[in-house]
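**Q** here's a sequence, model it:
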Amino acid sequence: MPEQIRQPIKIRPNKLFWIIRSFIAIYIRIFCRLKCFGAENVPRQGCLIIASNHVAAADPFILGSAIPRELAFMAKKELFETFFVGWLIRRVNAFSVDRFGFDLETIKKSLAVLDKGMALMMFPEGTRSKDGQLGEGKIGIGLLARKAGAPIVPVYIANSTAAWFNFLKGKRFEAHFGKIIDSDWIKAQENSKAGYQAITDEVMKRIGELKA
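**A** From the prediction side, this is the model:
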């Protein structure tokens, strides 16, 4: 895939995204007592990848509530096969992805999102961790960041397991945002599998540091 110089495309805000986000954010911030650390590290505009650990189904909702800008995200293709769910998530910037492979179509859709100057939510491990430990990052995030020249903000989410009952357990959601991995460093990495892996490894290292 040839490299291109990508210029952000101005797009209108997705009103439905912001309406749904507002209702979810009220619940998460009041009942789950969401606390954010380092949210000032998230740029308010321009293409961006948000890279987070993933242990619970609530994680995308936590990120959506914690990040003060519109997001696009990947969702497993099975969700789009249900009429109402598929109709809804398409309208809040979701696009389908095969859980068993990061294929060319997924890459094209992801790059199209970043071309528009949007923020793309990603879970580099590719699936949820069953024991809460960080797994190995998949090379896809490194490939996308290098092709798009997109900076990456690492995030560590805490206390999201059995998340919707946190208000009964006295726990609170926590979202820890790390320093941005800037696009100059990303562009300096090789445009090769080794370069993509180097970017992925740096992302996972930063997430691990936030956990520690």
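
**Q** now do the strands in this protein.
**A** 35-37, 48-52, 71-76, 94-97, 119-122, 152-158, 174-177 (DSSP state E).

**Q** the residue nearest the centre of the chain bridge partners, please.
**A** Centroid-nearest residue in the chain: Met121, 1.9 Å away (criterion: C-alpha atoms, centre = their mean). Beta bridges link Met121 to Ile50, Phe73, judged by DSSP bridges.

**Q** rewinding a little: by mean pLDDT, show me the worst of the strands of the chain.
**A** Lowest mean pLDDT within the strands of the chain: strand 94-97, a mean of 77.

**Q** now render the strands of the chain as CSV, adding distance to Lys211.
**A** To be clear about C-beta, it is placed using only N, CA and C from the backbone, and glycine gets the same treatment. Output for those, formatted as CSV (distance: least, C-beta to C-beta, whole Å):
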stretch, distance to Lys211
strand 35-37, 12
strand 48-52, 11
strand 71-76, 22
strand 94-97, 25
strand 119-122, 17
strand 152-158, 5
strand 174-177, 8
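
**Q** for burial, what's the neighbour tally of Gly149?
**A** Number of residues near Gly149 (other C-beta atoms under 10 Å) recorded here: 16.

**Q** dump the residue contacts of Gly137.
**A** 124-125, 200-201, 203-204 (C-beta atoms under 8 Å, 6 or more residues apart in numbering).

**Q** biggest helix in the protein by residues?
**A** When the chain is parsed with DSSP state H, its longest helix is helix 193-211.

**Q** quick one: that one to strand 48-52, angle?
**A** Interaxial angle of helix 193-211 relative to strand 48-52 (axes from the mean of the first three to the mean of the last three C-alpha atoms, to 10 degrees): 60 degrees.

**Q** remind me which residues of the chain are low pLDDT?
**A** Low-confidence regions of the chain, defined here as pLDDT under 70, cover residues 1-12, 85-86, 99-102, 131-132, 162-170.

**Q** quick one: the longest helix of the chain to strand 152-158, angle?
**A** 40 degrees.

**Q** ok, and what's touching helix 193-211?
**A** With C-beta under 8 Å, 6+ apart as the criterion, helix 193-211 contacts 51-53, 124, 134, 136-143, 145-146, 152, 154-156, 158, 176-179, 181, 186, 189-190.

**Q** could you export it as CSV, CA atoms only?
**A** Output in CSV follows, covering the C-alpha atoms of helix 193-211 (Å, rounded to 0.1, in the frame of the first residue of the first chain):
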residue,chain,number,x,y,z
LYS,A,193,6.8,-5.0,9.6
ALA,A,194,9.7,-4.4,11.9
GLY,A,195,8.8,-0.7,12.1
TYR,A,196,5.1,-1.4,12.8
GLN,A,197,6.1,-3.9,15.5
ALA,A,198,8.4,-1.2,17.1
ILE,A,199,5.4,1.2,17.3
THR,A,200,3.1,-1.5,18.7
ASP,A,201,5.7,-2.4,21.3
GLU,A,202,6.1,1.2,22.4
VAL,A,203,2.4,1.5,22.8
MET,A,204,2.1,-1.6,25.0
LYS,A,205,5.1,-0.4,27.0
ARG,A,206,3.4,2.9,27.7
ILE,A,207,0.2,1.3,28.7
GLY,A,208,2.1,-1.0,31.1
GLU,A,209,3.8,2.0,32.7
LEU,A,210,0.3,3.6,33.3
LYS,A,211,-0.9,0.4,34.9
